[in-house]
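J.: any chance you can model this:
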Amino acid sequence: MTTTAHTGRLQTALPASLTPDRVARLAALVAAGAHARRVTTTSPYTSAPLADLPVSTPDDVEDAYARARAAQAGWAATPVADRKRIMLRFHDLVLQRQEEALDLMQAESGKTRRDAFLEVSDIAITARYYARSARRLLSPKRRKGAIPVLTHTTELHHPKGVVTVISPWNYPLSMAAGDAIPALMAGNAVVQKPDTQTALTALWALALMREAGLPGDVWQMVVGRGSSIGDALMAGGDYMMFTGSTASGRQIARDAGERLIGASLELGGKNAMVVLADADIEKAAAGAVAACFPSAGQLCVSVERLYVADEIHDAFVTAFVERTRAMRLGAAYDFSMDMGSLTTPSQLDTVTSHVDDAVSKGATVLAGGRARPDLGPLFHEPTILAGVTPQMTLFDHETFGPVVSIYRYRTVDEAVAMANATPYGLNASVWGRNGAEARKVAARLRAGTVNVNEAFAAAWGSIDAPMGGVGDSGIGRRHGADGLLKYTEAQTVAHQRLQGFNPPRGIGPEQWARILTRSFKTLRVLGIR
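T.: Residues are numbered from 1 along each chain as shown. This is a model prediction of the structure:
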């Protein structure tokens, strides 16, 4: 039976912090000519006009790269300790001025304040981690030489140069600033294209970074459609960081390959949650709500497929449906709502078409199932579907909305097989009382990150560990050492002293070969590489 979630009030006004003057100041940070064409964004809550932004041309992009490249040399020469101080000031400013960011993110994306606050937390953690880790990660490392004692070998890391970042609309602070931070700490300049819909949030981060002390041209932002400025973006950078669809990621990978530059791509997902037979049903049901419906399901690591052990299936479904029906759905610039709006009309169209297709082919709606224009133009109820089959579009296609399909399984092997039956492999979640057994199941899932007894924040927030996808979910990693070192070129400097690999005077090559052979055997016995 179709049900509706508890709802909030209709939101008709922008928050007071988003004054026309503030919006104009942020828009002025876009790298675009004085007579650039303009584009108007609208608020998902109301469809009312939000921002008037200049649109960058290919020439503007080329100019941004030129200025970034000129500034990068000085930034690379800036001591890491000075970069650290700037980044920690940025960290402090993000926390001090978080109300501005929360208002911006809600106004541009339609998410709840609690979901927006997760982005503030994420950027604070990211800035602090790389500020305090960069010196260790970038410092010269002694490596074992070819000949012990005689070969002095050092590994160095140099910045790539200018990094291109293309960031999406769904997590406009996390994806914009989160990918720029390690690139900047590694000594690179950044030219970034945030999604136009949520460009103000990205520009807010840029303004705070400059206020913290970052030289102006080191981090620049352009605005425009990929069809217009995409070629210029690809042509100008030394490394590409992209978050978006798998189809776009494939094209970027091809283009990067043609230029022989590196690329890190976080792409789509069809993430699974496995509820084991020994799971705490109430905790797992609460975890499923947190896994499936953050930011109205518009999260690359959110769950769209839920597999539940036969022994607890019915009890779990009852608890999950009850919690989903009780969610507060609506628009409010405070912490009162559990789920907000979708961000764009195209996302609402996708969600609606996926649900309608499934229902028309026999799926059962256990909760939600319909759009809510009474709350705003882009609201859709959190939706649980049962009886989803391979003939239905959402069975194996990413919905990227507040919709989850629930399935029953008999054995753990069956659950693992079903969870892995997808070309995607971004994130997964496993729930069970026996942590050791749950971790064993987690290790069998084909996903770049797997959370045990948590939705996604445990793995994402463990920023010292790498995060990324496998298969159609992308290549490369953010976070941890990989998240910074990918923005560098590794260099080996090997200094050979006294004796090299050619035989010394007076020793023939055959005798020298025997001497080296005995030496290698001795090193093997002594356990020396």
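
J.: run through who's touching the host helix or strand of residue 242.
T.: Using DSSP states H and E, residue 242 falls within strand 239-243. The contact list for strand 239-243 (CB atoms under 8 Å, 6 or more residues apart in numbering) reads 160-161, 163-168, 175, 179, 183, 188, 234, 248-249, 252, 256, 261-267, 300, 476, 486-487. C-beta coordinates here come from the backbone N, C-alpha and C atoms, glycine included.

J.: in helices only, show me those.
T.: Mapping these onto helices (DSSP state H) picks out 175, 179, 183, 234, 248-249, 252, 256.

J.: of all these, which two lie farthest apart?
T.: Maximum pairwise distance in these, criterion CB to CB, is 20.0 Å, between 183 and 248.

J.: more neighbours, those two?
T.: Of the pair residue 183 and residue 248, residue 183 is the one with more neighbours under other CB atoms under 10 Å, namely 27 against 18.

J.: show the contacting residues for that one.
T.: Residue 183 neighbours (CB under 8 Å, 6+ apart): 163, 165, 190, 239, 241, 487.

J.: same thing but at 10 Å, please
T.: For residue 183, the contacting residues are 130, 159-160, 162-165, 189-190, 192, 219, 239, 241, 483-484, 486-488, by CB atoms under 10 Å, 6 or more residues apart in numbering.

J.: and the pLDDT for the residue nearest the centre of the chain?
T.: Centroid-nearest residue in the chain, with CA atoms, centre = their mean: residue 175, separated by 5.5 Å. On pLDDT, residue 175 comes in at 95.

J.: next, count neighbours for the residue nearest to it when sequence neighbours are not counted.
T.: Distance criterion CB to CB, 6 or more residues apart in numbering; nearest residue to residue 175, sequence neighbours excluded, is residue 167 at 4.2 Å. Neighbour count of residue 167, defined by other CB under 10 Å: 28.

J.: beta partners of residue 167?
T.: residue 194 (DSSP bridges).

J.: give me every residue that touches it.
T.: By CB under 10 Å, 6+ apart, the contact set of residue 167 is 173-180, 192-195, 198-199, 201-202, 221, 241-244.

J.: cool, and residue 447?
T.: 269, 271-272, 301, 419-420, 422, 424-429, 459, 469-471, 473.

J.: which SS class is it?
T.: When classified by DSSP: H, G, I helix; E, B strand; the rest coil, residue 447 comes out as coil.

J.: per-residue pLDDT, it?
T.: At residue 447, pLDDT is 98.

J.: how many neighbours does the residue nearest to it when sequence neighbours are not counted have?
T.: Here the nearest residue to residue 447 in space, its sequence neighbours aside, is residue 428; by CB to CB, 6+ apart that works out to 4.2 Å. For residue 428, the tally of surrounding residues (other CB under 10 Å) stands at 29.

J.: okay, residue 428: pLDDT?
T.: 98.

J.: doesn't residue 438 make contact with it?
T.: No - between residue 428 and residue 438 there is no contact under CB atoms under 10 Å: 11.5 Å.

J.: which neighbours do those two share?
T.: 274, 450-452.

J.: residue 212: what's it in contact with?
T.: Listed by CB under 10 Å, 6+ apart, the contact partners of residue 212 are 85-94, 127.

J.: that older thread, what about the contacts of residue 183, which are in strands?
T.: 159, 162-165, 189-190, 192, 219, 239, 241, 488 (DSSP state E).

J.: gap between residue 287 and residue 281?
T.: 10 Å (CB to CB, to the nearest Å).

J.: and for those two, which residues touch both?
T.: Residues touching both residue 287 and residue 281 (CB under 10 Å, 6+ apart) are 275, 320, 431.

J.: how close does the second one get to residue 346?
T.: Remark: distance between residue 320 and residue 346 (CB to CB) = 28 Å.

J.: compare the two (neighbour count), which wins?
T.: Set residue 320 next to residue 346 and count neighbours by other CB under 10 Å: residue 320 wins out with 27 against 10.

J.: make sure that one is actually in contact with residue 283.
T.: No - contact criterion CB under 10 Å: residue 320 and residue 283 do not qualify, at 11.4 Å.

J.: okay, among the contacts of residue 212, which ones form the most distant pair?
T.: Pairwise distances across those (CB to CB) peak at 15.2 Å, for the pair 85 and 94.

J.: who's more crowded, those two?
T.: Comparing residue 85 with residue 94 by other CB under 10 Å, the one with more neighbours is residue 94, at 26 against 14.
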